[in-house]
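Visitor: Attaching a predicted model along with its sequence, questions to come.
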Amino acid sequence: MNRTFLVFGAQNSAGALAARHYGNQGYDVVLVADHAQAVQALTSVLESEGIATRTFTGDLSRPEQARAMIRSIRSSVGPIDAMYYGLDSSNMPEAAALAAQAADLGCLSLAAVVSEVLPEMRSRKTGAIFLDQGAADLSCSHSANAQLCLQCLQEARACEGVQVDTLSVSALIGGRRAS
């Protein structure tokens with residue numbers, strides 16, 4: 001059975017590098033984007049390098065849609081072994097007029113995604129959840145929704161065999177984080 005690496009935010013540098021890194025380690029890569037065109041070039045590059053790639057599209061700015069997306073992916077490709085979450089809530093359509101609300105939605109979507117993948121990882125006692133440094137900063141900390149994000153991530157960190165960490169471009173190319 002192939003292992004699956006799920007990428008939310010493949011259109012950003014860290015997401016694209018993570019997709020390539022895990023793909024080169026034998027994972028099938030699933031790219032999630034609002035529109036297939038957003039990751040079309042990356043899909044072509046990965047496939048030209050022999051990395052099995054699938055793309056799913058959908059609006060992940062709402063938690064219920066994020067959960068449905070995970071279920072759809074799981075039913076199509078099987079278990080999710082690792083995931084990268086690098087969605088930038090400041091790029092959501094609501095951001096221009098409602099920045100705080102957009103941040104909350106991004107935070108709630110993160111919690112929804114983690115709550116969907118975590119039970120399966122927990123039962124297998126293996127898995128990895130990587131957050132882009134920006135997502136990990138939880139810009140929605142001004143609200144009660146941050147509590148939901150933090151609770152979900154703390155639960156993930158407490159699971160035996162499940163790794164939760166931030167991922168940066170420098171870590172993916174073998175560098176060190178800037179001080």
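Guide: Structure received. Numbers count the residues shown, from 1 in each chain.

Visitor: Okay, strands next: where are they in this protein?
Guide: 4-8, 28-33, 53-57, 82-85, 127-132, 162-167 (DSSP state E).

Visitor: and the last one, what does it pack onto?
Guide: Contact analysis of strand 162-167 by 3 or more C-beta pairs under 8 Å, 6 or more residues apart in numbering; DSSP states H and E lists helix 99-124, strand 127-132, helix 133-136, helix 145-158 as its packing neighbours. For the C-beta atoms, the positions are set from N, CA and C on the backbone; glycine is no exception.

Visitor: Partner strands of that strand, with direction?
Guide: Strand 162-167 has its sheet partners listed here by DSSP bridges as strand 127-132 (parallel).

Visitor: picking that back up, mean pLDDT lowest for which of the helices and strands packed on strand 162-167?
Guide: Least confident of those, judged by mean pLDDT, is helix 133-136 with a mean of 54.

Visitor: is residue 5 in a bridge, and if so with what?
Guide: residue 29, residue 82.

Visitor: thought it was touching residue 27?
Guide: Yes - applying C-beta atoms under 8 Å, one finds residue 5 in contact with residue 27, separated by 4.0 Å.

Visitor: list the residues that contact both of the two?
Guide: Any residue near both residue 5 and residue 27 by C-beta atoms under 8 Å, 6 or more residues apart in numbering counts here, and that gives 81, 82.

Visitor: Just want to know which of the two has more residues nearby.
Guide: The neighbour comparison of residue 5 against residue 27 (other C-beta atoms under 10 Å) goes to residue 5, with 24 against 19.

Visitor: for the more buried one, what are its contacts?
Guide: Contacts of residue 5 by C-beta under 8 Å, 6+ apart are 18, 19, 22, 23, 27, 28, 29, 30, 81, 82, 83, 84.

Visitor: Good, we can wrap up now.
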